[in-house]
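K.L.:
Here is a sequence with its predicted model. Questions after.
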Amino acid sequence: MAAAAAVVAESLAGYRARAARAVLEQVVLPGEELLLPEQEDGEGPGGTGERPLRLNAGARSRGRVVCGPGLRRCGDRLLVTKCGRLRHKEPGSGSGGGVYWVDSQQKRYVPVKGDHVIGIVTAKSGDIFKVDVGGSEPASLSYLAFEGATKRNRPNVQVGDLIYGQFVVANKDMEPEMVCIDSCGRACGMGVIGQDGLLFKVTLGLIRRLLAPDCEILQEVGKLYPLEIVFGMNGRIWVKAKTIQQTLILANILEACEHMTADQRKQIFSRLAES
Amino acid sequence: MKETPLSNCERRFLLRAIEEKKRLDGRQTYDYRNIKISFGTDYGCCIVELGKTRVLGQVSCELVSPKLNRATEGILFFNLELSQMAAPAFEPGRQSDLLVKLNRLLERCLRNSKCIDTESLCVVAGEKVWQIRVDLHLLNHDGNIIDAASIAAIVALCHFRRPDVSVQGDEVTLYTLEERDPVPLSIHHMPICVSFAFFQQGTYLLVDPNEREERVMDGLLVIAMNKHREICTIQSSGGIMLLKDQVLRCSKIAGVKVAEITELIQKALENDQKVRKEGGKFGFAESIANQRITAFRMEKAPVDTSDVEEKAEEIISEAEPPSEVVSKPVLWTPGTAQIGEGIENSWGDLEDSEKEDEDEGGSDEAIILDSIKMDTGEVSNIGSQDAPIVLSDSEEEEMIILEPDKNPKKIRTQTISATQVKAPSKKPVKKRKKKRAAN
């Protein structure tokens, strides 16, 4: 029954569906349907011969494919829900299809479990803090979720402070919950951010680019001035350098990186390094 | 949706930056953000951009019966709307304090200053007058709404044309746009608001505060002025005590700013009129800069000229030396002759080739990293500028001492004659040389 429905869906979508492998790193648009690698062989123009085999979908060995942001499962295909470039990450170990996601340029943050974000404390109520993270509703943060915090030993958090933390609960239609400790109870760099420095907002795409392991921008920025920097996946960056002037320069450069090509960026960095 | 709260660290940083006379976007204390004025296809429609703050202005007119106490005057109506599109914190359908304050200020700035001749809007006294309605919509909020809104309102009014009307006896004829050209409103002067933000109880002052600066400011002074330096409205809010000198200084600054903005407005209006007259393309769509990512055009490639000299020196120092020249003509067959090897022009200056010889000698001596070699090259360059002949001579002597047998040198000449003289093809050659030298 389910298999029959899948066949109908396929015939409806026609041959418009492209293979996910073929459009990697290309722009995909909402509404587009993508085929997973193991479907490709049967999907070609002459692939009808394999149909009987594919009807037995349950027995087929298939890798586990994870749909990242911007993708949704539709039958046994991927449905694109955001405009952007399609990305893929190979599975780390064992068999599987890896992770597919769409890298889109947006500003509005949607909490995701496990994300590290910068929040602003907006209220203290009882034993929880309300933290604004830029999502649709504020996150809650227990005062016990700090390193070394006990019922007696409360962390010193004021309204308006910046918090660097991690989401442990982030569901649709539910209040997200943050913590500032990892599973072993260590801070791991999380907690209240110092009183100095500047907080500014960039697009989520730029944050992902900056946090990529081989990010050139960050290395170049690091050569300019000694600095402290925190990136929140919610598009917030906190930066602090020795002087106000340097902090301002760094903030403006990072903001400008959004729309600069690598060449333009190098040029500006070299000009700054001279001055 | 609630607005994003301002964190303590932002507040502190902003105040400290203001103390140091610095602003987040790199402006000076008295600088305005960029003002951009674009017109729609219809008369009386414009968008004013003040940095990232955008206000859409739209003027419309209607024939109505006048107010009882002012039978011969047209009616002016202003309405500013703060939509949720501008900032998520603005709630739709609710008159917030800010909105009431802004609307009030706009009315005082534009209606009470009598910048529009309302008597010219009368058609039949006591019966029909024009009602001019100015709708302003905030499209994006990045601070200083009032300045952008006042500019948008006056620009839209200047740009607006109302249908022509003729009165014969007691018969009123309203002409459509096709029948008669519409007539502009008669505008006496153009009042423009200029905002000043005060910090630390009036110690520091900034012109055209942006959104974050507005959040940390202590008080705001708005001066509406026209280009004749006549103050139309002045309003101080936030409850700060200002000295007489401060207000006077602000009014002087406002005078300068208003003159600049008025000039810009007039230029924009003239431009639009010219384009319309010539039948060119106009409207919002045309005024959007053509910067689509899909546009088929060549990007100007930026050229990095910061370290050209070093690079040039590097290339020179890495280049192959010209091969040895056979000065005697060689007679291959009767009728043909050859001078030199036919590989490279040896007309270059001798000094250069000597220098490169030194470099080559250096690399023969031992295994030297590229960077070190570059350094020596530079050193010898600098040296050669001062006393070229002496230095090169001494190094050549060194080379001779370190190479008792001329074996490596012979290899080099062989390899050079075998391969094309190109910088990239040099590396493998050198490696081979090094091996031989090590042996």
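P.N.:
The structure has been received and is ready for your questions.
K.L.:
mind listing the strands for the stretch 151-300 of chain B?
P.N.:
B:161-162, B:165-168, B:171-174, B:183-184, B:192-199, B:204-207, B:219-225, B:231-237 (DSSP state E, counting those that start in this stretch).
K.L.:
buried sites along the third one?
P.N.:
Under the neighbour-count criterion of 16 or more other Cβ atoms under 10 Å in any protein chain shown, strand B:171-174 has nothing buried. Glycine gets a C-beta too; all of them are placed from N, C-alpha and C.
K.L.:
Give me the sheet partners of that strand and which way each runs.
P.N.:
Strand B:171-174 has the following sheet partners, assigned by DSSP bridges: strand B:165-168 (antiparallel).
K.L.:
circling back: quickly compare the strands of the stretch 151-300 of chain B and say which is most buried.
P.N.:
Each of the strands of the stretch 151-300 of chain B was scored by mean neighbour count; the highest is strand B:192-199, a mean of 25, by mean count of other Cβ atoms under 10 Å in any protein chain shown.
K.L.:
Name the helix or strand for the residue of the stretch 51-200 of chain A found nearest chain B, please.
P.N.:
Here the stretch 51-200 of chain A gets closest to chain B at one residue, residue A:160, 3.9 Å apart by Cβ to the nearest Cβ. Under DSSP states H and E, no helix or strand contains residue A:160.
K.L.:
quick one: contacts for it?
P.N.:
By Cβ atoms under 8 Å, 6 or more residues apart in numbering or on different chains, the contact set of residue A:160 is A:120, A:121, B:5, B:6, B:7, B:8, B:11.
K.L.:
switch the cut-off to 10 Å
P.N.:
With contact taken as Cβ atoms under 10 Å, 6 or more residues apart in numbering or on different chains, residue A:160 is in contact with A:120, A:121, A:122, A:195, B:5, B:6, B:7, B:8, B:9, B:10, B:11, B:12.
K.L.:
ok, and the most crowded of these?
P.N.:
Highest neighbour count within these, by other Cβ atoms under 10 Å in any protein chain shown: residue B:7, with 26 neighbours.
K.L.:
wait, doesn't that residue sit right on residue A:192?
P.N.:
No. The criterion here is Cβ atoms under 10 Å, and residue B:7 misses it with residue A:192 at 11.1 Å.
K.L.:
related to what we said a few turns ago, quick one, grab the pLDDT at the residue of the stretch 51-200 of chain A closest to chain B.
P.N.:
Note for residue A:160: predicted pLDDT of 92.
K.L.:
for the strands of the stretch 151-300 of chain B, which one sits closest to residue B:80?
P.N.:
Residue B:80 lies closest to strand B:192-199 among the strands of the stretch 151-300 of chain B, at 12.0 Å (Cβ to Cβ).
K.L.:
hey, C-alpha coordinates of the closest one in CSV?
P.N.:
C-alpha atoms of strand B:192-199 as CSV (Å, rounded to 0.1, in the frame of the first residue of the first chain):
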residue,chain,number,x,y,z
ILE,B,192,13.0,69.5,7.7
CYS,B,193,13.5,67.9,11.1
VAL,B,194,17.0,67.4,12.5
SER,B,195,17.5,65.2,15.6
PHE,B,196,20.2,65.5,18.2
ALA,B,197,20.8,62.8,20.7
PHE,B,198,22.3,63.7,24.1
PHE,B,199,24.3,61.4,26.3
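K.L.:
got the angle for that strand vs strand B:231-237?
P.N.:
30 degrees (axes from the mean of the first three to the mean of the last three Cα atoms, to 10 degrees).
K.L.:
Find out how far strand B:192-199 is from the centre of the chain, if you would.
P.N.:
Centre-to-centre, strand B:192-199 and its host chain are 23 Å apart (Cα atoms, centre = their mean, to the nearest Å).
K.L.:
cool, and stretch B:235-247?
P.N.:
33 Å.
K.L.:
State the phi and psi torsions of residue B:18.
P.N.:
Note on residue B:18: its backbone torsions stand at phi -70, psi -40 [degrees, to the nearest 10].
K.L.:
and it, how far is that from chain A?
P.N.:
Distance from residue B:18 to chain A, counting by Cβ to the nearest Cβ, to the nearest Å: 10 Å.
K.L.:
ok, now residue B:220?
P.N.:
22 Å.
K.L.:
okay if I get the strands of the stretch 151-300 of chain B as JSON lines plus mean pLDDT?
P.N.:
Output for these, formatted as JSON lines (pLDDT from 0 to 100):
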{"stretch": "strand B:161-162", "mean pLDDT": "92"}
{"stretch": "strand B:165-168", "mean pLDDT": "90"}
{"stretch": "strand B:171-174", "mean pLDDT": "88"}
{"stretch": "strand B:183-184", "mean pLDDT": "92"}
{"stretch": "strand B:192-199", "mean pLDDT": "94"}
{"stretch": "strand B:204-207", "mean pLDDT": "93"}
{"stretch": "strand B:219-225", "mean pLDDT": "93"}
{"stretch": "strand B:231-237", "mean pLDDT": "92"}
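K.L.:
Kind regards, and thank you for your time.
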